[in-house]
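J.: missing the sequence, but the structure's below:
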């Protein structure tokens, strides 16, 4: 049995017969691909000087997370203004909720198979704090605002708070969509802050316990 967590992250004691057959490999993350990046730029008509914002509820895409993130996405989009800006909203495979397309600068898709490569060309990502999403965002060095969801067996807030404390990301101020949207707009306008986060991520390469598919 391959377990995509470290022993400390897993937290549950396995029966001895199963533990002997188990391999804890840490997070398994995909890596961005140059061919995929080129294809994504064509797919979404992204110019080299576009500001690219990606909003995603991640693979979980549960409705409570998606509902809040879609409200945030729509509010952010309306407040960005006239700058050269593209906004790609990935709803997530488990979400049945609609996300309103505000104008031609916004694209809404159900899923994006090359999401990690899309992270790699993003200027900012707004995401829930899912295990895979956090690891892939960190691997691609993408500045990110995390909006952690609530899970019974997964503390998304704890996962992303540590990153924020190290200057590697931002965490949403509370759960009110309007306040989250305001903070995202501030980050979009603050090139120096985003550059600093990306530099911090470059200085702390994501290699420990990581494998690639």
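T.: The structure has been received and is ready for your questions. Note that the structure is a prediction, hence the values are computed from the model and not measured.
J.: for the residue nearest to residue 71 when sequence neighbours are not counted, give me the pLDDT.
T.: In space, and not counting its chain neighbours, residue 71 is closest to residue 177: 4.1 Å by C-beta to C-beta, 6 or more residues apart in numbering. Where C-beta positions appear, they are placed from N, C-alpha and C, glycine not excepted. Note on residue 177: pLDDT of 90.
J.: what sits against residue 53?
T.: Counting by C-beta atoms under 8 Å, 6 or more residues apart in numbering, residue 53 makes contact with 76, 85, 86, 87, 88, 122, 123, 124, 125, 126, 188.
J.: ok, now with 10 Å
T.: If you count contacts by C-beta atoms under 10 Å, 6 or more residues apart in numbering, residue 53 has them with 73, 76-77, 80, 85-89, 105-106, 122-126, 145, 184, 187-188.
J.: one step back: now do the residue nearest to residue 71 against residue 16, distance only.
T.: As for residue 177, its distance to residue 16 is 47 Å (criterion: C-beta to C-beta, to the nearest Å).
J.: hmm, back to that, how many other residues sit next to the residue nearest to residue 71?
T.: 20 (other C-beta atoms under 10 Å).
J.: contact partners for it?
T.: By C-beta under 10 Å, 6+ apart, residue 177 lies in contact with 67, 68, 69, 70, 71, 72, 73, 74, 75, 76, 147.
J.: good, wrapping up.
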